[in-house]
Structures are given as structure tokens and as C-alpha cells.
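A.B. asks: sequence first, predicted coordinates after that:
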Amino acid sequence: MPLYEVIVFAARRYGIAGATVIKGFMGYGASSIIKSQKLWEVSEKLPIIIEMVDEAEKIDGFIEVLLPYFEKIPKGGLITVEKATILLHKTGGAYSSF
């Protein structure tokens with residue numbers, strides 16, 4: 001299972017309000033090696049962002065859950081925490097036919 005799936009399922013079990021995985025088309029990290037989406041490149045080399053939203057205390061607690069995952073992987077990674085202002089939070093209902 002890809003690490004991003006493991007993280008999203010762990011976030012759901014932990015009770016994080018929401019998570020989204022975004023696949024990058026091009027980027028580089030600490031190695032300064034540029035990774036991009038080319039037909040001949042393996043997709044696992046592309047940058048991935050996992051964005052989660054919840055109260056600061058809940059995110060801080062979940063970071064402690066995440067750290068062991070990142071210590072086991074041979075690849076690099078970055079965890080950032082940013083404050084967000086939520087302007088609208090509307091929960092969806094059950095789908096219905098019109």
C-alpha cells in the first residue's frame with residue numbers, strides 16, 4: 001500500500017476532520033533532483049502533498065502518529081503545519097436522484 005494511503009487511512013482512524021492527497025507534476029526536494037511526470041519515469045518519483053484539516057491540537061497529536069512512518073521510509077519527506085482560516089464547512093448529505 002502506498003504511504004499516502006496508509007497516512008490517509010490512519011488520519012481517518014485518528015479522527016482527523018479531512019484529508020486530501022494531491023499528486024504533483026514536477027518538483028524537487030533536499031536532493032535538488034528535479035522529478036517530473038514523463039512517460040518513462042516511475043510514478044512513485046512524483047511529489048505528493050497530503051493536506052489535512054482539523055483543530056491544531058488534533059493535528060499536533062496526529063504528527064506524533066506520523067513520525068514513525070517517516071522514520072521507516074528510505075525516501076525524503078517534509079511535514080509542515082500551517083494555520084488555516086475556514087470560511088465554510090458544509091457537510092454533505094446522502095446522494096439522491098432528481
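C.D. replies: Cool, the structure landed. Numbering: from 1, shown residues only.

A.B. asks: I figured residue 51 hits residue 19, correct?
C.D. replies: Yes - counting by CB atoms under 8 Å, residue 51 touches residue 19, with 6.9 Å between them. All C-beta spots, glycine's among them, are computed from the backbone N, C-alpha and C.

A.B. asks: neighbour-wise, which of the two wins?
C.D. replies: Per other CB atoms under 10 Å, whichever of residue 51 and residue 19 has more neighbours is residue 19, with 18 against 12.

A.B. asks: can you tell me the SS state at that one?
C.D. replies: What DSSP: H, G, I helix; E, B strand; the rest coil gives for residue 19 is strand.

A.B. asks: show me the contacts for it.
C.D. replies: Contacts here follow CB atoms under 8 Å, 6 or more residues apart in numbering; on that basis residue 19 touches 7, 8, 11, 12, 50, 51, 52, 53.

A.B. asks: which one of those residues is nearest residue 62?
C.D. replies: Closest approach between the contacts of residue 19 and residue 62, by CB to CB: residue 11, at 6.4 Å.

A.B. asks: tell me which element the closest one is part of?
C.D. replies: Applying DSSP states H and E as the criterion places residue 11 in helix 3-14.
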